[in-house]
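Novice: Structure of the sequence below:
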Amino acid sequence: MKVADIVEFKRKGFMSWFLGGLLKLFNPSWDGYGWHLAILWQPGYDGWYILEATGQGVRKNWYDRTYLQKNTRIWSWLDEAPLDGYMKTFLARHINKRYDVAVYIHTLVQYLLLRAIEWFQKTFIPWHKFNISLPRVLNNRWTCWEIVFWFCRDMGKPIQESIGLDYTRYPLITDFLRAVTNR
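Specialist: Numbering: from 1, shown residues only. Okay, the predicted model is just below:
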């Protein structure tokens with residue numbers, strides 16, 4: 001574990017199991033382990049401060065090392081720890097921002113709609129390529145997945161570009177896992 005590594009928390013709770021089950025329908029290769037992502041921010045005595053977006057908003061929270069070892073997977077995306085000034089700037093811009101509660105339903109609708117359009121296009125008009133992405137809502141609110149994607153982008157190694165993901169689309173945990181496992 002090192003500063004700026006990405007933490008993937010094991011799925012817990014009804015909503016993560018329900019929404020994760022729906023996500024697995026469209027991404028059968030997803031192993032279903034995690035749902036929540038966060039950033040290892042600062043080591044401390046026997047644990048870590050982690051930057052994460054939760055229902056309370058974007059916060060730096062403390063986690064015990066033992067808990068992290070039993071309930072997470074750690075991924076290294078950045079080649080080296082970012083300069084302290086970059087991390088402080090990112091923190092100042094995002095700390096205490098509100099959580100984006102509408103994103104789950106919006107993303108599910110977007111995912112279903114885009115899959116339906118792709119199916120329609122392949123079935124009825126295979127010579128035409130639609131390039132459609134539903135617009136983002138609540139732009140100044142954040143999910144855990146978004147905070148991780150934007151952190152990596154601001155630190156100089158965007159995840160979106162490595163997997164050809166449009167910046168206007170909400171990132172999903174499956175997008176992140178595709179990127180880190182295809183490196």
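
Novice: for this structure, which spans come out with low pLDDT?
Specialist: 100-108, 110-111, 123-141, 167-170, 183 (pLDDT under 70).

Novice: most residues in a single strand of it, which one?
Specialist: In the chain, with assignment by DSSP state E, the single longest strand is strand 34-44.

Novice: starting at the chain centroid, how far to that one?
Specialist: 11 Å (Cα atoms, centre = their mean, to the nearest Å).

Novice: buried ones in that strand?
Specialist: Counting neighbours by 16 or more other Cβ atoms under 10 Å, one finds that the buried residues in strand 34-44 are 34-41. C-betas here are computed from N, CA, C, even on glycine.

Novice: residue closest to the middle of this structure?
Specialist: Trp145 (1.9 Å; Cα atoms, centre = their mean).

Novice: In three-state terms, label that residue for me.
Specialist: helix (DSSP: H, G, I helix; E, B strand; the rest coil).

Novice: Ile39 is in contact with that one, correct?
Specialist: No: using Cβ atoms under 8 Å, Trp145 makes no contact with Ile39, being 11.6 Å away.

Novice: Would you quantify the distance from the closest residue to the residue nearest to the centre of the chain other than its chain neighbours to Tyr45?
Specialist: Of all residues not flanking Trp145 in the chain, Pro171 sits nearest, at 4.9 Å (Cβ to Cβ, 6 or more residues apart in numbering). Pro171 sits 33 Å away from Tyr45, going by Cβ to Cβ, to the nearest Å.

Novice: Which one of these two is surrounded by more residues?
Specialist: Using other Cβ atoms under 10 Å, the more surrounded residue of Pro171 and Tyr45 is Pro171, with 23 against 5.
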